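[1] Got a sequence here, can you build the structure:
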Amino acid sequence: MIADSHCHAWRRWPYPPLPPDEDSRGRVEQLLYEMDCHDVEFAVLISAEITGNPDNNDYGAAIAARYPTRVRHFVDVDSSWSPTYHTAGAPGRLRQLYDAYRPAGITHYLGSTNDGWLRSPEADSFFATAETLGVVLSLSVAPCWQADLRTLAGRHPDLTVLCHHLGLPAPGARPDGADLAEILASAAVPNIVLKASGYHYVSSTSWDHPWSDALAVFRVLFEAYGPARLCWGSDFPASRRYCTYRQSLEVLRTHASFLGSADREAILGGTLAAILADTHPPA
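    Below you'll find the model as predicted:
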């Protein structure tokens, strides 16, 4: 069973330069086609209300309602592009969005600079609300935030935090470097999980599949986190600028030769399925 922990769908293509098919390149039918071609059972749809897509939460909810066995929707809450980013009232906005959409999870994109928000009572209440609602938190979190995340996630052990794209070490980061040290330290907190995705962001050469330098980073993270805390993700369709959907799969399926067959099965779908099955939404 293969399951995709990180993909998107947009009504309008959000990235410059705009392609000639901007009104179809990001739409969910493209994703479903790739899933069907590669025997992907279901995917987590990460809403991101970025350029030209202020209604992406609505679009994601409509997709999940139309394809309930294929898509699990994670709603965008107060991400760094939002005018409400790290302003007062985040827990209330989270609850309102949950009541409106009843998503399987939520996503929050932190900025590249640590503004201290994860150390605030507001963030603690935000995490507590997500924990109470029984959703999974998909978090875009750079290494500069990891120390704060360890403290906060440790206070909310029933909230699973899925960190995007190997924890977002800088492109070309060394396995023994400072970025990796922070991400590796977070392995001590059992409810922090990494998405095995976005190798093109981690590599010093984003086009050079299978990104051998990023694979070296992944190997170190695999040894720290283990297969039960790693979930494969395609980053489709954003990843189309760097690789095909199949190439995103084959990084793990073919090129991560240090993985055993049971490791691959877990990372390619078993771990994500277990995480989602273990959520307990309120009645």
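[2] Only C-alpha atoms from now on, for both contacts and neighbour counts.
    Fine.
[3] What is the neighbour count of residue 143?
    Residue 143 has 23 neighbouring residues, counting by other C-alpha atoms under 10 Å.
[4] Ignore what I typed, I meant residue 48.
    26.
[5] Then residue 243?
    For residue 243, using other C-alpha under 10 Å, the count is 19.
[6] how close does it get to residue 208?
    9 Å (C-alpha to C-alpha, to the nearest Å).
[7] Which parts of the stretch 151-283 of the chain are helices?
    178-185, 199-202, 212-225, 245-250, 261-265, 271-277 (DSSP state H, counting those that start in this stretch).
[8] Show me what the first one is packed up against.
    In terms of contact count using 3 or more C-alpha pairs under 8 Å, 6 or more residues apart in numbering; DSSP states H and E, helix 178-185 is assigned the packing partners helix 146-155, helix 212-225.
[9] any chance of the ones you listed in a markdown table, plus distance to residue 128, mean pLDDT and mean neighbour count?
    Below are those laid out as a markdown table (distance: least, C-alpha to C-alpha, whole Å; pLDDT from 0 to 100; neighbours: other C-alpha atoms under 10 Å):
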| stretch | distance to residue 128 | mean pLDDT | mean neighbour count |
| --- | --- | --- | --- |
| helix 146-155 | 9 | 98 | 18 |
| helix 212-225 | 24 | 98 | 19 |
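[10] Now distance to residue 18 too, for those helices, in CSV please.
    As requested, the helices and strands packed on helix 178-185 are exported to CSV (distance: least, C-alpha to C-alpha, whole Å):
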stretch, distance to residue 18
helix 146-155, 34
helix 212-225, 28
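[11] Looking at the helices of the stretch 151-283 of the chain, which is nearest to residue 41?
    Nearest to residue 41, of all the helices of the stretch 151-283 of the chain, is helix 271-277, at 10.3 Å by C-alpha to C-alpha.
[12] Buried residues in the closest one, which are they?
    By neighbour count on 16 or more other C-alpha atoms under 10 Å, the buried set for helix 271-277 is 271-273, 275-276.
[13] CSV for those, including pLDDT?
    Shown next, in CSV, are the buried residues of helix 271-277 (pLDDT from 0 to 100):
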residue, pLDDT
271, 98
272, 98
273, 97
275, 97
276, 97
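[14] residue ranges of the strands in the stretch 1-150 of the chain, please?
    2-7, 40-46, 71-76, 105-109, 136-140 (DSSP state E, counting those that start in this stretch).
[15] What pLDDT does the model give the closest residue to residue 89 other than its chain neighbours?
    Closest residue in space to residue 89, ignoring its immediate chain neighbours: residue 122 at 7.6 Å, by C-alpha to C-alpha, 6 or more residues apart in numbering. The confidence metric pLDDT takes the value 98 at residue 122.
[16] follow-up on the earlier one: export the helices of the stretch 151-283 of the chain as TSV, with columns for distance to residue 86.
    Formatted as TSV, those follow (distance: least, C-alpha to C-alpha, whole Å):
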stretch	distance to residue 86
helix 178-185	23
helix 199-202	25
helix 212-225	29
helix 245-250	33
helix 261-265	37
helix 271-277	27
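[17] related to what we said a few turns ago, of all the strands of the stretch 1-150 of the chain, which lies closest to residue 253?
    Of these, nearest to residue 253 by C-alpha to C-alpha is strand 2-7, at 10.9 Å.
[18] what helices or strands is that closest one leaning on?
    On a contact count with 3+ C-alpha pairs under 8 Å, 6+ apart, strand 2-7 meets strand 40-46, strand 230-232, helix 271-277.
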